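K.L.:
Quick one: sequence plus predicted model below, questions after.
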Amino acid sequence: MNNETSASKTAESILDVLEYKGLLSWISSVDHKQIGIMYFVTSLLFLLVGVSEAMVMRTQLIKPNNHLLSPVTYNQVFSMHGTTMVFLAVMPLLIGFMIYFVPLMIGARDMAFPRMNALGYWLYLMGGLLLYFSFFTGDTLHMGWSAYAPLTETNYSMNKYMIGTGVDYWIIGILLTGAGSIMSSINILATVAFLRTPDMKLNLVPLFVWMSAANAVLILLAVPALNVALVMLFIDRHLHGFFFNPVAGGEPLLWEHYFWFFGHPEVYILILPGFGIISEVIPVFSQKPIFGYAFLAVATIAIAFLSFGVWAHHMFATGMDRTVYYVFALASMLIAIPTGVKIFNWIATMWGGSIKFETAMMFAVAFIMQFTIGGLSGVAFATVPIDWALTHTYFVVAHFHYTLLGGTLFTVMAGFYYWYPKITGRMLSEMLGKIQFWLMVIGFNGTFFILFFAGLEGMPRRVYTYRNLPYLANINLISSLSAYVLALGILLFFINLVVSLKKGKLAGDNPWDGWTLEWATTSPPPPHNFDRIPPVRSLRPLLDLKRERAGAGALDFYEGENG
Amino acid sequence: MNKVRFGMLLFVASESVFFILLMIAYMVYHVSSPSGADASRYLDVTRTAVFSAALFASSFTIWQAGIKSRTGSPRATLAWIAATIVLGTAFLVGEGTEYTDIISKGITVNRDLFGTTFFTLTGFHGLHVFVGLVLLSSLFGIGLKRGAGVGRLPAFESVTIYWHFVDTVWIFIFTIVYLWALR
């Protein structure tokens, strides 16, 4: 027993941790670190599936009047791409970061409800597998990830063989992953509320934890709206109800209201933990405390609050009352204020800092620029006439890929380069990382910036091909070729993850000079997380510790900082 | 406040959104539905009021069970939990008779929007009552072994919260479906 404990304490790589050896230790695990890693692995595999689907689409669109895919297949591919990326790749990736790092950053032994934590993961995995199982039944979702009624009603979703099970698998799969994410959110909130190390007051909680908590509130209150819509749809399909079926007075628009009442908070669910990662990475690599800690925390809460009051801006083209347009357009623009506050806080943090341009930091900086483009195009969209002109064109596609790919996925990359050493005990290759970074930046912007123009030209999204109209062929050719570059970058990331697991440099406890609690323990952390938790008297407990050890002389150097 | 209670409160918050949206769907279709069954002809408010009273009373009994466990009387604790289970079951039986009655008159989920919304809303509530009964029965089983101590378990507290929630939801459903939306 004693031997085992000491062996795992000195483990230099996650592959050497005795407690994590063998498949059974993973399947039966209730350890938040193992579950976090399982979230990472599963969601990265789903990310790979989603990227492949994107490549199939871009290949189909590489030239006008292309008939590589049939219209139905194309519909299925873009629907599954959206569903996969939102529910099976990005959201669980972020939940993985939350589950792995929230307990470590607040000095906890584990999550508040470890077994529910495991259940959440398994529900997510089974939901994802069920969703993809629909391919084997000969039918899968083909109405887009938003699955607008009445297209999902039985009379519209049967194919010529009378097979219409794709929507059912989608409903059940999403219900399962949704239930799993609600469990995770309850767990995160209870963990943050009750398991902080005693001297970590609320104003000393790391920003990643703040944003994870805000994110958990969003999941908690938004996902049930999707669940209720799914359940109503299921009743329509199997008990022949009329919720969204106009035959007996049902309103397809009610689906849109419920879906987007979930869907808009969902897009913040997909970005808030990313904001949290950035708020940890930027100060560490600028070697400066975060600028405006309280503002960042409050802005997060403001975004979470406002996100429940903007859903109808997805429905400007449905002919609602004029007052409704005004209210939702205004509310949507309001969100730009707290988001802008954050952007300026991050820039101000870098200002005057001595910036270390490691890969993590490069992804963080690229995130700020790309997310700003995505955000500004979103503000443009909140203007109703612009929305009328551009809705359902590639302008929308470019807009949300700038927020979710150029935004969230870049934060996830920053997060992996920053925390991979903590998770595995080994560094990711910086050289591969920098090549990957440039491939992704060039590939991403090449793919999507030009799609703004495709949208302005009026090219509709979700259509399997297009006519050879002026500019469209060139725009799409450039976009598709850039997409391959982007995919190459992502592939390089996977290679880096696998190769560095064995060949990476040993990380040591704190390779980046980080100052939050997760760096106080070993890399990888022992199953019990901490032998001793340092006192938390400021936002940067590890820096305090270092100063204390170095004696008073070192203090002068950091004087004037409010850390 | 402990983490188990806190977790249950969060779950209840999440479930509230679920029920609020179901109720909104009921109300929207009650107002907009161009045709369909006339709720007042088929719903028997008095009968529903009687079995609703059983559910409301069960909130009182579970509260008493908590009090009795604090004074350390195992028998009283178990008796009050049992009373809660009986009252909850009475509610479900009442709802069952109502369902058979309405269905025999031809009102079903697939007849019109009243049927669809009514059965979905009350059905999901009934499902929650059923889950509550399962939880209460487990507590009763634990109580047989542990005596009054069961009332001091975090699990007991959180089941209490859940049970009060199920009860509160019914107050709203009863008000909307049986008092407001009659025409």
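P.N.:
In hand now; what should we look at? Please read all numbers here as calculations on a predicted model, not as lab measurements.

K.L.:
near chain A, which residues of chain B?
P.N.:
B:2-3, B:6-7, B:10-11, B:13-15, B:17-18, B:21-22, B:25, B:28-29, B:32-36, B:109-110, B:112-113, B:115-117, B:120, B:124 (CB under 8 Å from any CB of the partner chain). C-betas here are computed from N, CA, C, even on glycine.

K.L.:
mind listing the helices for chain B?
P.N.:
Here chain B has its helices, by DSSP state H, at B:3-32, B:39-42, B:45-70, B:74-104, B:113-146, B:154-173.

K.L.:
in chain B, what spans have low per-residue confidence?
P.N.:
Counting by pLDDT under 70, chain B contains low-confidence ranges at B:33-38, B:40, B:183.

K.L.:
Give the next helix or strand downstream of the lowest-mean-pLDDT helix or strand in chain A.
P.N.:
Ranking every helix and strand in chain A by mean pLDDT, DSSP states H and E puts helix A:2-9 at the bottom, with a mean of 43. On the C-terminal side of helix A:2-9, the nearest following helix or strand under DSSP states H and E is helix A:23-27.

K.L.:
measure A:Leu151 to A:Gly144 for me?
P.N.:
Using CB to CB, to the nearest Å, one gets 9 Å for the distance from A:Leu151 to A:Gly144.

K.L.:
on that earlier part again, need the helices of chain B in a markdown table (columns: mean neighbour count).
P.N.:
Putting these into a markdown table (neighbours: other CB atoms under 10 Å in any protein chain shown) gives the following:
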| stretch | mean neighbour count |
| --- | --- |
| helix B:3-32 | 19 |
| helix B:39-42 | 14 |
| helix B:45-70 | 18 |
| helix B:74-104 | 18 |
| helix B:113-146 | 19 |
| helix B:154-173 | 20 |
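
K.L.:
of all those, which lies closest to A:Trp419?
P.N.:
Closest approach to A:Trp419 among these is made by helix B:3-32 (25.9 Å; CB to CB).

K.L.:
number of nearby residues for whichever residue of the stretch 1-150 of chain A sits closest to chain B?
P.N.:
When CB to the nearest CB is the measure, the stretch 1-150 of chain A has its nearest residue to chain B at A:Ala112, with 4.7 Å between them. Neighbour count for A:Ala112, taken as other CB atoms under 10 Å in any protein chain shown: 24.

K.L.:
before we move on, which element is it in?
P.N.:
Counting by DSSP H and E, there is no helix or strand that carries A:Ala112.

K.L.:
Spell out which residues of chain A are next to chain B.
P.N.:
Going by CB under 8 Å from any CB, the residues of chain A near chain B are A:112-113, A:182, A:185-187, A:189-190, A:193-195, A:220-225, A:227-229, A:231-232, A:235-236, A:239-243, A:248-251, A:254, A:258, A:261.

K.L.:
Would you mind checking these for buried ones?
P.N.:
With neighbours counted using 16 or more other CB atoms under 10 Å in any protein chain shown, these contain these buried positions: A:112-113, A:182, A:185-187, A:189-190, A:193-195, A:220-225, A:227-229, A:231-232, A:235-236, A:240-243, A:248-251, A:254, A:258, A:261.

K.L.:
In terms of helices and strands, where is A:Ser43?
P.N.:
Element membership of A:Ser43, judged by DSSP H and E, is helix A:32-60.

K.L.:
Give the other helices and strands that the helix or strand following that helix contacts.
P.N.:
Toward the C-terminal end, the helix or strand that comes next after helix A:32-60 (DSSP H and E) is helix A:71-83. Secondary-structure packing of helix A:71-83 (3 or more CB pairs under 8 Å, 6 or more residues apart in numbering or on different chains; DSSP states H and E): helix A:32-60, helix A:114-133, helix A:165-194.
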